[in-house]
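S.K.: prediction below, plus the sequence it came from.
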Amino acid sequence: MLRAIIIDDEPNAVGLLVLRLSQHCPQVEVVASCTGSQKGIQAILDHRPDLVFLDIEMPQLNGFQVLEAVSGLSFSLVFVTAYDKFALKAFRYSAVDYLLKPIDTQELVQAVGRVEQQRKLVPEQLEHLRQQFSNPGKTFPDRIALPYQNGVAFVDLKDILYCESDDNYTKFHLADNQYHLVTKPLRDIQELLEERDFQRVHRQYLINLNHIKKFVKGEGSYLVMSNSQTIPVSRAQKDRLMERFGWL
């Protein structure tokens, strides 16, 4: 049984989340629900929960300040937010779990499932997320957090050569000949990186445009990357790629 606390300044949001958890996540016991940040801090100190559902924007103390006040305790964290597209990408770049209001039942069940797999928030993830929220003028960060079985790896985007689809997983191939396998399909990674210097060139590959060494046109077009790996280019994507670079 997961002992959970909900902290959100909207009473209706708290009540709805309690109801959804009781209906669809019987493995979660809500031991406290708070509509104020100070009461939320005290509840965490008193109950030492396994899981905290936390709003970010609240009067008096925001979600980050609540976490600072209980920084010595270890628990899983799911942010509950009504933020816009930029903020959602900030969560994804930091590999931090979040639920978007109004809460979707399937996403709630999936978030609880990830908590059951003992995915704990590491301090670097929170700091990475905090920096993005404190610098709204900076469109997207230069690093991405990649969760794996034993933790989270932080990788500079410039060091990612290409991403390769592996069913519902994605393999990140890096400049140092290492790779990271993450439990997200390539379409989700494409959505996250397509506004940077990355482009989908094949159903199986998303590439970093800065690591292209050669483009070989023809019936079976392909790219040669900076590590000499060849990447096929589909017919559907060839024109987009050539247009992106202004190639003749």
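M.R.: Looks like it arrived, so ask away. Residues are numbered from 1 along each chain as shown.
S.K.: so what secondary structure elements neighbour the lengthiest helix in the chain?
M.R.: Among the elements of the chain assigned as helix by DSSP state H, the one spanning the most residues is helix 11-24. Judged by 3 or more C-beta pairs under 8 Å, 6 or more residues apart in numbering; DSSP states H and E, helix 11-24 is in contact with strand 2-7, strand 28-34, helix 105-116. Bear in mind the C-beta positions are built from the backbone N, C-alpha and C, glycine included.
S.K.: any idea which of these is most buried?
M.R.: Using mean count of other C-beta atoms under 10 Å, the stretch among those with the greatest mean number of neighbours is strand 2-7 (a mean of 22).
S.K.: pLDDT (mean, whole number) over that one?
M.R.: Per-residue confidence for strand 2-7 averages out to 98 on the pLDDT scale.
S.K.: mind giving me the domain split of this protein?
M.R.: When the chain is parsed into structural domains using automatic domain parsing, the resulting residue ranges are 2-134, 145-245.
S.K.: how long is the first one end to end?
M.R.: Put plainly, it is domain 2-134. The stretch domain 2-134 measures 32 Å between its terminal residues, going by C-alpha to C-alpha, to the nearest Å.
S.K.: which helices and strands does the lowest-mean-pLDDT helix or strand in the chain pack with?
M.R.: One helix or strand of the chain scores below all others by mean pLDDT, DSSP states H and E: helix 85-94, with a mean of 81. Contacting helix 85-94 under the criterion 3+ C-beta pairs under 8 Å, 6+ apart are the following elements: strand 76-81, strand 98-100, helix 123-134, strand 143-148, helix 186-193.
S.K.: go again with 7 Å.
M.R.: helix 123-134, strand 143-148, helix 186-193 (3 or more C-beta pairs under 7 Å, 6 or more residues apart in numbering; DSSP states H and E).
S.K.: can you redo those as JSON lines with mean pLDDT?
M.R.: Converted to JSON lines, those look like this (pLDDT from 0 to 100):
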{"stretch": "helix 123-134", "mean pLDDT": "84"}
{"stretch": "strand 143-148", "mean pLDDT": "88"}
{"stretch": "helix 186-193", "mean pLDDT": "92"}
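S.K.: among those, which is nearest Leu51?
M.R.: Among the helices and strands packed on helix 85-94, helix 123-134 comes nearest to Leu51, with 15.6 Å by C-beta to C-beta.
S.K.: can I get the helices and strands packed on helix 85-94 in TSV including distance to Ile41 and mean neighbour count?
M.R.: As requested, the helices and strands packed on helix 85-94 are arranged in TSV below (distance: least, C-beta to C-beta, whole Å; neighbours: other C-beta atoms under 10 Å):
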stretch	distance to Ile41	mean neighbour count
helix 123-134	16	17
strand 143-148	26	19
helix 186-193	32	17
